[in-house]
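Asks: Give me a 3D structure for the following:
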Amino acid sequence: MWRWEAPHPDWEPPKEKDSPADWPEVVGSVAYDAGETLVLVDPLVPQDGWEKLDELVRGRDVRVLTTIAWHRRSRAQVVQRYGGVVSNARATLPRGVELIPIEGAREQMVWIAEHGALVPGDRLLGDGDPLRVCPDSWLRYLNGFTGAELRVALRKLLDLPVRLILVSHGEPVLRDARTALERALAA
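Replies: Numbers count the residues shown, from 1 in each chain. Next up, the predicted model:
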């Protein structure tokens with residue numbers, strides 16, 4: 001498993017704290033070696049990052065997963081370069097990789113059982129203490145869906161044996177991830 005970071009080309013300094021535009025310039029992406037398949041979650045590949053990704057792919061099948069609609073990032077380039085497949089169908093996922101839809105939040109998180117790794121898109125952020133649920137302002141477009149409702153929808157994640165939370169925004173949670181998740185959902 002490999003998590004890398006890259007500056008997002010569309011980033012602009014936020015004008016208001018916790019607004020939908022308030023996210024760090026550098027975003028995270030994840031690669032998971034599933035044997036004959038390399039799974040890429042929300043890949044954003046900088047110009048100087050293709051060589052490293054070429055080494056990881058080494059002729060394997062590539063599956064590209066997107067957690068939330070606007071995390072398409074480098075998806076089209078990855079698919080073109082490696083002949084990758086974008087599919088959320090359970091039958092097309094490698095063993096040990098699951099998609100967890102977050103009802104009402106228009107997000108699906110990726111669960112990688114082998115590593116106890118949860119890969120969220122925008123609903124969990126690694127810039128709290130050490131994790132937090134996204135601000136309510138990020139939910140404005142969801143027709144009244146609230147932060148309280150999001151916390152309820154995320155509670156099912158506590159049923160997983162979470163050891164890592166590899167966030168897109170902020171620092172990943174590499175220790176005590178379950179405790180960090182419990183705290184974030186209680187706040």
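Asks: contacts and neighbour counts: CA atoms only from here.
Replies: Fine.
Asks: Which parts of this structure are strands?
Replies: 2-7, 26-33, 37-41, 61-65, 85-86, 97-102, 107-112, 117-119, 124-125, 132-133, 164-165 (DSSP state E).
Asks: Worst mean pLDDT among those strands?
Replies: Mean pLDDT across these is lowest at strand 85-86; the value there is a mean of 92.
Asks: partners of it, with directions?
Replies: Counting by DSSP bridges, the strands paired with strand 85-86 are strand 61-65 (parallel).
Asks: Can you tell me what sits against the partner strand?
Replies: Contacting residues not belonging to strand 61-65 are listed as 36-43, 75, 79, 82-88, 93 [C-alpha atoms under 8 Å, 6 or more residues apart in numbering].
Asks: Could you give me the ChimeraX selection string for whichever of these are buried?
Replies: Burial among those is assessed by 16 or more other C-alpha atoms under 10 Å; the matching ChimeraX selection reads:
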select :37,38,39,40,41,42,43,75,82,84,85,86,88,93
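Asks: ok, back up a step: Ala186 is nearest to which of the strands of the chain?
Replies: strand 132-133 (9.7 Å; C-alpha to C-alpha).
Asks: So in that sheet, which strands flank the closest one, and in what orientation?
Replies: Strand pairing (DSSP bridges) places strand 132-133 next to strand 124-125 (antiparallel).
Asks: ranges for the helices of the chain?
Replies: 50-57, 75-82, 147-154, 177-186 (DSSP state H).
Asks: and of the strands of the chain, who's closest to Arg178?
Replies: Closest to Arg178 of the strands of the chain, according to C-alpha to C-alpha: strand 164-165, at 8.1 Å.
Asks: just how off-centre is that closest one within its chain?
Replies: Its chain's C-alpha centre and that of strand 164-165 lie 10 Å apart, by C-alpha atoms, centre = their mean, to the nearest Å.
Asks: So which elements touch that strand?
Replies: Secondary-structure packing of strand 164-165 (3 or more C-alpha pairs under 8 Å, 6 or more residues apart in numbering; DSSP states H and E): strand 117-119.
Asks: what pairs with the strand it packs on, and is each one parallel or antiparallel?
Replies: When DSSP bridges is applied, strand 117-119 pairs with strand 107-112 (antiparallel), strand 164-165 (parallel).
Asks: So which of the ones you listed is the most surrounded?
Replies: Comparing these by mean neighbour count (mean count of other C-alpha atoms under 10 Å), strand 164-165 comes out on top with a mean of 23.
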